[in-house]
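Peer 1: no sequence on this one, just coordinates:
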């Protein structure tokens, strides 16, 4: 049987000298697949951020009904790295199985273990190898699992992973994935400040990509200003080419051209953004989620 990759899980992010232990990826992860023969070093990195909508049984948009559409979308796009929000444990296992053995993922439930929603980071093992990962919670006690001190309607957290790009001369970079609160602007602003602080620490030595559902409109909220104040750029604005703009939350209703873009992919300066897009894929009139995924093709 194949064995899981081994990566370092950092116990603390505040110091570059923080103690760490080497652990296997959790049993939630999928085994790595064989190396690809068609990836070339010069190919841009395909990044996606996607609020999956948790696996509800409620019709007409149950997970059972949406899963085939999600499968079609992800198999069409084949992102190298995918930052997800709202996924439940069994839902992420379904997505991993649908993507196949060349994909793996890292995450934990925001209430700990397999409980509650995940900020899981999926990745193509033919392109990327995880070297280090950790989680922190968006609260005054970020290292305390399931902590919630700012009035969030739900527990909120971040998963981050340091990757080696196997097709770009071993270049390393970090991905942070998050989901800010849907109810409290105060909590969103506090969360953005904490994420920005952690981004600055990581960005001292490596490029950083941030994926997430920020529940705040780009160009229209202090959360956005705080994130860009951390030295990040909005890949949508920085892209050499971009698709049509849509509001990224549609709630299974009609799409809104030029609507609020609350799902973002951000990156540190120096990252080249070839293309950015909002993916409107649907099949048989059904969307895979109540959000549209956002995508960017990058050279780090």
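Peer 2: Looks like it came in fine. On a predicted model such as this, the values are computed, not experimentally measured, just so you know. Numbers count the residues shown, from 1 in each chain.
Peer 1: switch to C-alpha atoms for all contacts and neighbour counts from now on
Peer 2: Fine.
Peer 1: Which SSE is immediately downstream of the helix or strand bottoming out on mean pLDDT in the chain?
Peer 2: Counting by mean pLDDT, DSSP states H and E, the weakest-scoring helix or strand in the chain turns out to be strand 20-24, with a mean of 31. On the C-terminal side of strand 20-24, the nearest following helix or strand under DSSP states H and E is strand 45-51.
Peer 1: Which neighbours in the sheet does that next one have, and how are they oriented?
Peer 2: In the sheet, strand 45-51 lines up against strand 81-85 (parallel), strand 294-299 (antiparallel) (DSSP bridges).
Peer 1: Point out the most buried one among these.
Peer 2: Scoring the strands paired with strand 45-51 by mean neighbour count under mean count of other C-alpha atoms under 10 Å gives strand 81-85 as the most buried, with a mean of 27.
Peer 1: residues in contact with residue 289?
Peer 2: Taking C-alpha atoms under 8 Å, 6 or more residues apart in numbering, we find residue 289 in contact with 51-53, 66, 70, 252.
Peer 1: Now rank those by neighbours and give me the top one.
Peer 2: Neighbour counts for these peak at residue 51, which has 25 neighbours (criterion: other C-alpha atoms under 10 Å).
Peer 1: Look up how far residue 98 lies from residue 284.
Peer 2: Separation of residue 284 from residue 98 (C-alpha to C-alpha, to the nearest Å): 19 Å.
Peer 1: one step back: among the strands paired with strand 45-51, which comes closest to residue 266?
Peer 2: With C-alpha to C-alpha as the measure, strand 294-299 is the member of the strands paired with strand 45-51 nearest residue 266 (9.5 Å).
Peer 1: and that closest one, how far out from the chain's middle?
Peer 2: Between the centre of strand 294-299 and the centre of its chain there are 12 Å (C-alpha atoms, centre = their mean, to the nearest Å).
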